[in-house]
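1. Take a look and give me a structure for this.
(4 chains)
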2 protein chains.
Amino acid sequence: MREALAQAAFQLFLERGFERTTVDDIVARAGVGRRSFFRYFPSKEDVVFPDHERCLAEVTGFLAAVEGDDPVGAVCDAARIVLRMYAANPEFSVQRYRLTREVPGLRTYELSVVRRYEQALAGHLRARFGGGGDGELRAEVIAASVVAAHNNGLRLWLRSGGEGDPDAAVDHALDLVREVWGRSGALGPAAGPASPAGAPVAVPPRAPDAAAHSVSVEGDVVVMVARKGTPMWRVVQEIEAAVGKTRHR
Amino acid sequence: MREALAQAAFQLFLERGFERTTVDDIVARAGVGRRSFFRYFPSKEDVVFPDHERCLAEVTGFLAAVEGDDPVGAVCDAARIVLRMYAANPEFSVQRYRLTREVPGLRTYELSVVRRYEQALAGHLRARFGGGGDGELRAEVIAASVVAAHNNGLRLWLRSGGEGDPDAAVDHALDLVREVWGRSGALGPAAGPASPAGAPVAVPPRAPDAAAHSVSVEGDVVVMVARKGTPMWRVVQEIEAAVGKTRHR
DNA sequence: AGAGATTATGGCACTCAGTACCCTCTGTAA
DNA sequence: TTACAGAGGGTACTGAGTGCCATAATCTCT
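-> Numbers count the residues shown, from 1 in each chain, chains lettered A, B, ... in the order given. Okay, the predicted model is just below:
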């Protein structure tokens, strides 16, 4: 149902534009009742970003699970989770990007979504930095920097039409932030990194998913996000697939 | 007329809340026709930020006129223009802050306003940095940092009830950004980069056997975090326990 | 299986923001 | 006086979003 609504809506948005499409048009094409639309999407804007809620949950889950003394690296990895969601459906992401660029209402809606990611990152950093020594300030500035860097790399890829890999651009952008802030978000360049050795190498894996659920493996932490009501056999299947895929790497 | 409408609206928002105040209520108190409201304010949200349009014009004007070889300093000064607008009416700013914090619609509207400031700053930096050498990337990251730093200092002052001077906190926050980015937004002031560019992101080491499984249910999204190697039966068990727990609410 | 409870969906009516169109009033220039 | 312009007001409409209730599907327990 969610899927049917999102698909019908997106078709219509591409055909007639976002503002010239009413909710009644959408439910007519999907063949469902009008009331059902608002059960699945709290607003007309939400249908354009059907997977952000799940992705946000994935990001917060990842940040809650991550350990170690590299909070800046952790939030960069969290940003890569978002990137993976975009990269999982290049055509959709590119079309949505074009749509969002020319509809003011969608732009501001996207801002509010991005803001929630930023706050998730900032919350993680704040918890690690503590209150003293400008902890909150540094957390917010670094979170904003990471989001801006991520968005810059992502936009580059979206503007190119979704050709190739967005990872290189985003990695490069995030590296810039990490170079400036060091791994611990220290105050000033002098107090910089001195990165302790033993950092295992891992970039978040590519998304195999493109389904309603997602399983990601970060190092040896497995994060699964699914909708309530998903059959358990399917969850098990996806976890096993994801874990098996990254086991020998 | 503009003034009368803004004043009537703000009174009502404080008395009954933003969402429980209709435009008809506002025009009734102001003693004008409903149609006139939308002549002066394109939306109900605009009446809460009656001076941002002017301030944005001031910022862009300043940036267009500024000279010198210190673009980062220039955008910091531009941010101080915004701060001055807030500081000009402490009571109003504090009340508006409290109102904005608890009304989602106003929060997202404010985001769109802040975004325009950020784009003004980024545009100035982009013009100075040029296209090469990650100019665009640096421009956007620095603009985001300056905005985040400004907002952090401003929020500190607003939360304190508008007592004293917001300048100290904002100056300090902006100094942090300038220390990190230098006056020209160079790529790392003196510091040799922590890790060579393009180095893969480090993922922190893990405690070997800390039992860190967790299943959380947010709405109807289930997020599961577990370590690789956890027996599948145990994962299934925990998911079912968590989902069952929240099923009958 | 079948009664009872729970959930998913549809339908209806309503509020309210925002817009299009037209009206009135007032002041100004010829 | 007429002609005109511009500010304000009124009316009716569209469309998003919500509350309430009816009905169908599904689940649970015996």
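2. what's near enough to touch the residue most central in space within chain A?
-> Nearest to the geometric centre of chain A sits residue A:82, at 2.1 Å (Cα atoms, centre = their mean). Residues near residue A:82 by Cβ atoms under 8 Å, 6 or more residues apart in numbering or on different chains: A:55, A:59, A:117, A:150. From N, CA and C alone the C-beta is placed, and that goes for glycine too.
3. filter those to the buried ones?
-> A:55, A:59, A:117, A:150 (16 or more other Cβ atoms under 10 Å in any protein chain shown).
4. pLDDT wise, what is the second one at?
-> Read it as residue A:59. Residue A:59 carries a pLDDT score of 95 in this model.
5. ok, now how distant is it from DNA strand C?
-> Relative to DNA strand C, residue A:59 is positioned 25 Å away (Cβ to the nearest atom of the strand, to the nearest Å).
6. so that residue sits right up against residue A:76, yeah?
-> No: using Cβ atoms under 8 Å, residue A:59 is not in contact with residue A:76; the gap is 11.8 Å.
7. ok, back up a step: tell me the one of the contacts of residue A:82 nearest DNA strand C?
-> Within the contacts of residue A:82, distances to DNA strand C taken as Cβ to the nearest atom of the strand reach their minimum at residue A:55, with 21.8 Å.
8. That closest one against residue A:85, yeah?
-> Yes: because the distance of 4.7 Å satisfies Cβ under 8 Å, residue A:55 is recorded as touching residue A:85.
9. my guess is residue A:173 meets residue A:146, correct?
-> No: assessed by Cβ under 8 Å, residue A:173 is found out of contact with residue A:146, at 9.1 Å.
10. sorry, back to before: quick one: the residue nearest to the centre of chain A from residue A:52, how far?
-> With distances taken as Cβ to Cβ, to the nearest Å, residue A:82 is found 9 Å from residue A:52.
11. Give me the mean pLDDT for the host helix or strand of residue A:87.
-> Assessed by DSSP states H and E, residue A:87 sits inside helix A:71-88. Confidence for helix A:71-88, expressed as mean pLDDT, is 95.
12. next SSE after it?
-> Counting by DSSP H and E, what follows helix A:71-88 is helix A:90-102.
13. So which elements touch that next one?
-> Contacts defined by 3 or more Cβ pairs under 8 Å, 6 or more residues apart in numbering or on different chains; DSSP states H and E place helix A:90-102 against helix A:2-16, helix A:104-129, helix A:135-159.
14. 6 Å instead?
-> Counting contacts by 3 or more Cβ pairs under 6 Å, 6 or more residues apart in numbering or on different chains; DSSP states H and E, helix A:90-102 packs against helix A:104-129.
15. Just name whatever secondary elements the helix it packs on is in contact with.
-> By 3+ Cβ pairs under 6 Å, 6+ apart, helix A:104-129 packs against helix A:52-65, helix A:71-88, helix A:90-102, helix A:135-159, helix B:104-129.
16. Would you format those as TSV with distance to DNA strand D included?
-> Formatted as TSV, those follow (distance: least, Cβ to the nearest atom of the strand, whole Å):
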stretch	distance to DNA strand D
helix A:52-65	15
helix A:71-88	23
helix A:90-102	15
helix A:135-159	24
helix B:104-129	10
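17. Write out the residues of chain A neighbouring DNA strand C.
-> Along chain A, the residues adjacent to DNA strand C under the rule Cβ under 7 Å from any atom of the strand are A:1, A:31-36, A:39, A:229.
18. so when I look at residue A:174, I'm seeing a strand, right?
-> No: read with DSSP: H, G, I helix; E, B strand; the rest coil, residue A:174 is helix and lies in no strand.
19. from the residues of chain A next to DNA strand C, which ones fall inside helices?
-> Among the residues of chain A next to DNA strand C, DSSP state H puts A:34-36, A:39 in helices.
20. Can you name the residue of chain A that approaches chain B most closely?
-> Per Cβ to the nearest Cβ, residue A:68 is where chain A lies closest to chain B, at 1.6 Å.
21. where does that residue land in three-state SS?
-> Secondary structure, three-state DSSP: residue A:68 is coil.
22. got it, and residue A:131?
-> coil.
23. Count residues in the vicinity of it, would you?
-> 8 (other Cβ atoms under 10 Å in any protein chain shown).
24. and it, how far is that from residue B:145?
-> 20 Å.
25. Check residue A:83 too.
-> Applying Cβ to Cβ to residue A:83 and residue B:145 gives a distance of 20 Å.
26. Could you check the pLDDT of residue A:131?
-> 77.
27. Quick one: residues contacting it.
-> By Cβ atoms under 6 Å, 6 or more residues apart in numbering or on different chains, no residues touch residue A:131.
28. Phi and psi next, for it.
-> phi -80, psi -30 (degrees, to the nearest 10).
29. Quick check: it vs residue B:171, distance?
-> Distance from residue A:131 to residue B:171, by Cβ to Cβ: 20 Å.
30. ditto for residue A:19
-> 43 Å.
31. the more surrounded of those two?
-> residue B:171 (16 against 12).
32. now the more buried one, nearest residue through space, not along the chain?
-> Nearest non-adjacent residue to residue B:171, counting by Cβ to Cβ, 6 or more residues apart in numbering or on different chains: residue B:153, 7.6 Å away.
33. per-residue confidence at the one you found?
-> For residue B:153, pLDDT reads 97.
34. Check the one 5 residues further on too.
-> We have a pLDDT of 97 for residue B:158.
35. And residue A:244, by the same measure?
-> So, for residue A:244, pLDDT stands at 50.
36. Which of the helices and strands in chain A ranks last by mean pLDDT?
-> helix A:232-247 (a mean of 54; mean pLDDT, DSSP states H and E).
37. one step back: contact partners for the residue nearest to residue B:171?
-> B:169-170, B:173.
38. Which one of those residues is nearest to residue B:89?
-> Ranked by distance to residue B:89 (Cβ to Cβ), these are led by residue B:170 at 16.5 Å.
39. Quick check: the gap between the closest one and residue B:133.
-> Counting by Cβ to Cβ, the gap from residue B:170 to residue B:133 is 29 Å.
40. can you count the residues close to the closest residue to residue A:105 other than its chain neighbours?
-> Of all residues not flanking residue A:105 in the chain, residue A:45 sits nearest, at 6.3 Å (Cβ to Cβ, 6+ apart). Close neighbours of residue A:45, defined as other Cβ under 10 Å, add up to 18.
41. these two touch, right, residue A:45 and residue A:108?
-> No: using Cβ atoms under 6 Å, residue A:45 makes no contact with residue A:108, being 8.7 Å away.
42. Any chance you could list residues touching both of these two?
-> Joint contacts of residue A:45 and residue A:108 (Cβ under 6 Å, 6+ apart) do not exist.
43. what stretches of chain A score poorly on pLDDT?
-> Chain A contains residues with pLDDT under 70 at A:183-249.
44. How much space separates the residue lying closest to residue A:79 once chain neighbours are set aside from residue B:83?
-> Closest residue in space to residue A:79, ignoring its immediate chain neighbours: residue A:150 at 4.2 Å, by Cβ to Cβ, 6+ apart. Per Cβ to Cβ, residue A:150 is found 27 Å from residue B:83.
45. next one: residue A:175
-> 32 Å.
46. Please apply the same query to residue A:168.
-> 38 Å.
47. same check, this time on residue A:111
-> From residue A:111 to residue B:83 the distance is 21 Å (Cβ to Cβ).
48. okay, the two: which has more neighbours?
-> Applying other Cβ under 10 Å to residue A:111 and residue B:83 shows that residue B:83 carries more neighbours, namely 20 against 16.
49. That one - nearest residue in space that isn't next to it in sequence?
-> The nearest residue in space to residue B:83 (Cβ to Cβ, 6+ apart) is residue B:170, at 5.3 Å.
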